[in-house]
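S.K.: 3D model of this:
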Amino acid sequence: MENKIELEKLKKALNSNLKNSIIIKEIEEVDEKFHSRYNCKQKTYRYVINNSETGSSILRALEYHIPQKLDIDKMKEAVKYFEGTHDFKGFKASGTSSKSSVRTIYKAEVIKRGDRILIELTGNGFLYNMVRIIAGTLVDVGLRKNRTKKYTRYNKHRR
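M.R.: Residues are numbered from 1 along each chain as shown. Below you'll find the model as predicted:
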């Protein structure tokens, strides 16, 4: 099928009609059989935490505000455990319709930018609320609520 509209003009037209929170950065023509959900090779999710004392009145609907100081180094260390192919059934919300909870995370990062902490996960797919639950787990680590040593000690005595 011949493209009747220039791709750059299509990109501008789409961006002018989308919500402000969505921006098309690149556009290209694909085969008619392409399905954006099922033919996708990877997706990146970014979860934003405002770690300032007061938060933002303008961006509060787009980021999570946590005024307590987070241990970024611990969060950076912990996020690496999510990389690789794992069964993420413990990180899915109820109501997930996926047959398999096995996913591959190619890249997992915690990035500090001023008062903001970005949690970015790139993978072959995500379960319902998976990134939100992972972000909550990393926040617990950052708040030093991680009780791994306690659980390990407890399980050692149960043997």
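S.K.: Please count neighbours and contacts with C-alpha atoms only from this point.
M.R.: Fine.
S.K.: for Ile49, what are its contacts?
M.R.: By C-alpha atoms under 8 Å, 6 or more residues apart in numbering, the contact list for Ile49 reads 63-66, 116-118.
S.K.: typed the wrong thing, it's Leu143
M.R.: Counting by C-alpha under 8 Å, 6+ apart, Leu143 has contacts 68-71.
S.K.: from the residues you listed, which single one is nearest Lys92?
M.R.: Nearest to Lys92 among the contacts of Leu143 is Leu70, at 24.0 Å by C-alpha to C-alpha.
S.K.: Narrow the contacts of Ile49 to those in strands?
M.R.: If you go by DSSP state E, these have 64-65, 116-118 in strands.
S.K.: Neighbour count added to the residues you listed, as a markdown table?
M.R.: Output for the ones in strands among the contacts of Ile49, formatted as a markdown table (neighbours: other C-alpha atoms under 10 Å):
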| residue | neighbour count |
| --- | --- |
| Tyr64 | 17 |
| His65 | 19 |
| Arg116 | 18 |
| Ile117 | 21 |
| Leu118 | 18 |
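S.K.: is it possible to export those residues to a markdown table including distance to Glu28 and pLDDT?
M.R.: Formatted as a markdown table, those follow (distance: C-alpha to C-alpha, whole Å; pLDDT from 0 to 100):
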| residue | distance to Glu28 | pLDDT |
| --- | --- | --- |
| Tyr64 | 33 | 94 |
| His65 | 36 | 96 |
| Arg116 | 32 | 97 |
| Ile117 | 32 | 97 |
| Leu118 | 28 | 97 |
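S.K.: Most neighbours among the contacts of Leu143, please name it.
M.R.: Each of these was scored by neighbour count (other C-alpha atoms under 10 Å); the top score is that of Leu70, with 18 neighbours.
S.K.: if I look at it, how far off is Val141?
M.R.: Using C-alpha to C-alpha, to the nearest Å, we find Leu70 at a distance of 8 Å from Val141.
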